[in-house]
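Chemist: what's the 3D shape of this:
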Amino acid sequence: MKIPETYKNKSLSELKNLATKWTNKVVRKRDEGKKCISCGQYKTLEAGHFYSAGHHDHIRYLLDNIHGQCTRCNRHLHGNLIEYRRGLVVRFGEDFVASLDLKKQNSKGWNGWDRFSLIILIQEMQQKFKELNKSFQL
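Modeler: Just a heads-up that it's a prediction; the model follows:
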């Protein structure tokens, strides 16, 4: 794969930051108008991880693991995880949560994010964001 010029001089850390930025934009756009996954309040939403990005790097950008959360639940209540899990079950069902649990456990052979994977992820998230923007404008 040829690296686009935009990303040629970016460090791995810079690429991770870009991947996070675009993933969070997708989550906020996807969940726009929805209630906080944890407390059920209509508030400005952040992109909150059910399984933390710091401890579960292999699913850090997995959209199934990230949902709109208010600042209080995401930051002040450290994810408000018991209510987050309840919110996932209500919104998506037990099978969804069980699948997410399996993805969390399946880190065997994970060697971390490389430049190519991050660049592909960034481009995918940019495309998803464009698609979400179009569907919200209809």
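Chemist: mind listing the helices for this structure?
Modeler: 12-30, 71, 81-92, 94-105, 115-137 (DSSP state H).
Chemist: Buried residues of the fourth one, list them for me.
Modeler: Of the residues in helix 94-105, those scored as buried under the neighbour-count criterion (16 or more other CB atoms under 10 Å) are 97, 100, 103-104. All C-beta atoms are positioned from the backbone trio N, CA, C, and that covers glycine.
Chemist: repeat for the third one
Modeler: For helix 81-92, burial by neighbour count (16+ other CB under 10 Å) applies to 81, 83-85, 87-88.
Chemist: Residues in contact with that helix: which ones?
Modeler: 36-40, 48, 50, 67, 69, 73, 96-97, 100 (CB atoms under 8 Å, 6 or more residues apart in numbering).
Chemist: now those as a markdown table including pLDDT and distance to residue 27?
Modeler: Output for those, formatted as a markdown table (pLDDT from 0 to 100; distance: CB to CB, whole Å):
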| residue | pLDDT | distance to residue 27 |
| --- | --- | --- |
| 36 | 97 | 13 |
| 37 | 97 | 10 |
| 38 | 97 | 14 |
| 39 | 96 | 17 |
| 40 | 95 | 17 |
| 48 | 97 | 8 |
| 50 | 98 | 12 |
| 67 | 98 | 7 |
| 69 | 97 | 9 |
| 73 | 97 | 14 |
| 96 | 98 | 16 |
| 97 | 97 | 17 |
| 100 | 97 | 15 |
